[in-house]
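> sequence first, predicted coordinates after that:
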Amino acid sequence: FKGWYKVNDGQKGFYRVKYDEESLESLGWKIEAKVISNVDRWSMHNDMYSLCMSNQVSLGKYLDFVRHYEEEDDYVVLSDIIGSLNFLYTLLSQEEIGYDIKQFNQNFFRKIFDRLGWDVRPNEKPTVALLRSQVISSLGKLDDEEIITEAQNRFTKLQKTGVLDPDLRNAVYSIVAWNGDSLTYKKIIEMYRNAPTQEEMVRLLSSLANFQDKVLLKKTLSFVLSKEVRTQNLFQPIARLVTNPNGKELVWPWVKKNWRVVVSRFGVGNPLLNRIIGSVSIEADMKKEKEIKQFFTRHHVPGTEMKLAQTLERIRIHARFVQNVKKEF
């Protein structure tokens, strides 16, 4: 076959596609030139990421392929890539390759940020604000000094004037917490208690999971079970904690210790129980997989069987992936 081709045009079929090296390289150039649609640019990345996580494509080849998206401007495509790169860093941050992933992500996200900037521009699409928040949050947690300084300046200005773009609040709170200490923690708790809306409360509550200090993160885990946190909001900081390289290891011990309390808070049959179980899928250790399986066998809650099976499968996938990356690098 001469020329280039894209299998599953428009992503109409429910299957993954693995290309040979030559075809993949040809498609990479088509992605850069945006010759193929945003749906197909998204599906190409999504397939490559899934193939990488299932050890059918090496991490090195996946990262090389992502470079073709450095000039990407579509929200759906970039959001998928940002989420994937952030997850890889969360999973591998404690490994030898962690620093290299951090550098790769910094460089990739910085190119996107340089096009977007901090502030809304005339006639920009609403999705740009979502993308801007994602990129700024990511760069802050990757220790981009310029981003951190600007976030802290905007937080200080908020204290004095009450003014901060709602679309930037998640990102700013996240970065301030990431670089914060116990005094910062107290300030965010105070803001949470005085928040004028539920939306603002959830933003601030979620930011409590972004600190680097494990002592403060343990305080957050205790706080979410207090009467100050609505049951429907309890999962928000947990979801954020599993993406925190400094906090992900705290989630499973907390679930194990507080499972009965969580079940009583939510009630049997509440779908949020499944989300709590799903949160421990961040683990990447076969011993933990066995321990989690045994725990939920002893503390079975009806309606959680499928989510538990999916969670255990993800842990096995993550464990195999990390082992293969160690061999690769």
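Yep, it's here.

> residues in contact with the top helix by length along the chain?
For the chain, the helix that runs over the most residues, judged by DSSP state H, is helix 305-328. With Cβ atoms under 8 Å, 6 or more residues apart in numbering as the test, helix 305-328 has contacts from 52-55, 58-60, 91-92, 95-97, 274, 277-278, 280-286, 288-289, 292-293, 296. Glycine gets a C-beta too; all of them are placed from N, C-alpha and C.

> give me the subset of these lying in strands.
Per DSSP state E, strands hold no members of the contacts of helix 305-328.

> show me these that map onto helices.
In helices, judged by DSSP H, the following of the contacts of helix 305-328 are found: 52-53, 59-60, 91-92, 274, 277-278, 286, 288-289, 292-293, 296.

> and those, which are buried?
C52, M53, L59, L91, L92, N274, I277, G278, K288, E289, I292, F296 (16 or more other Cβ atoms under 10 Å).

> and the furthest pair within those?
Spanning the widest gap among these are L59 and F296, at 30.7 Å by Cβ to Cβ.

> the residue lying closest to L164 once chain neighbours are set aside sits in which helix or strand?
Once flanking residues are discounted, L164 sits nearest to L158: 4.3 Å by Cβ to Cβ, 6 or more residues apart in numbering. In this structure, L158 sits in helix 145-161 according to DSSP states H and E.

> tell me what that helix is packed against?
If you count contacts as 3 or more Cβ pairs under 8 Å, 6 or more residues apart in numbering; DSSP states H and E, helix 145-161 packs onto helix 126-141, helix 166-178.

> how far off centre is that helix?
A distance of 23 Å separates the centroid of the chain from that of helix 145-161, by Cα atoms, centre = their mean, to the nearest Å.

> any low-confidence regions in the protein?
Within the chain, the stretches with pLDDT under 70 are 1-2.

> again, only this time at 50
For the chain, no stretch has pLDDT under 50.

> which residues touch the residue lying closest to K125 once chain neighbours are set aside?
Nearest residue to K125, sequence neighbours excluded (Cβ to Cβ, 6+ apart): Y75, at 7.3 Å. Going by Cβ under 8 Å, 6+ apart, Y75 touches K125, T127, V128, L130, L131.

> dihedrals phi and psi, Y75?
With angles defined as degrees, to the nearest 10, Y75 sits at phi -60, psi -50.

> which residues touch stretch 9-29?
Residues outside stretch 9-29 that contact it (Cβ under 8 Å, 6+ apart): 4-8, 36-37, 39-40, 42-44, 47, 50-51, 56-57, 65, 68.

> let's go with 7 Å and repeat that
Defining contact as Cβ atoms under 7 Å, 6 or more residues apart in numbering, one finds that stretch 9-29 is touched by 4-8, 39-40, 43-44, 47, 50-51, 56, 65, 68.

> mind listing what's buried along that stretch?
Q11, V17, Y19, S23, L24, L27, G28.

> and the second one, how close does it get to I317?
In this structure, V17 and I317 are separated by 19 Å, where distance is defined by Cβ to Cβ, to the nearest Å.

> before we move on, back to that, return the member of the contacts of Y75 nearest to E145.
L131 (21.7 Å).

> pretty sure that closest one sits against V76.
No. In this structure, L131 is not within contact of V76 by Cβ atoms under 7 Å, at 9.8 Å.

> so which of those two has more stuff around it?
Higher neighbour count among L131 and V76: L131, with 22 against 12, using other Cβ atoms under 10 Å.

> I figured W259 was touching H300, is that so?
No. At 10.8 Å, W259 does not count as touching H300 under the criterion of Cβ under 7 Å.

> re the thing from before, are any of the contacts of stretch 9-29 buried, and which?
Among these, those buried by neighbour count (16+ other Cβ under 10 Å) are K6, V7, D40, S43, M44, D47, L51, F65, H68.
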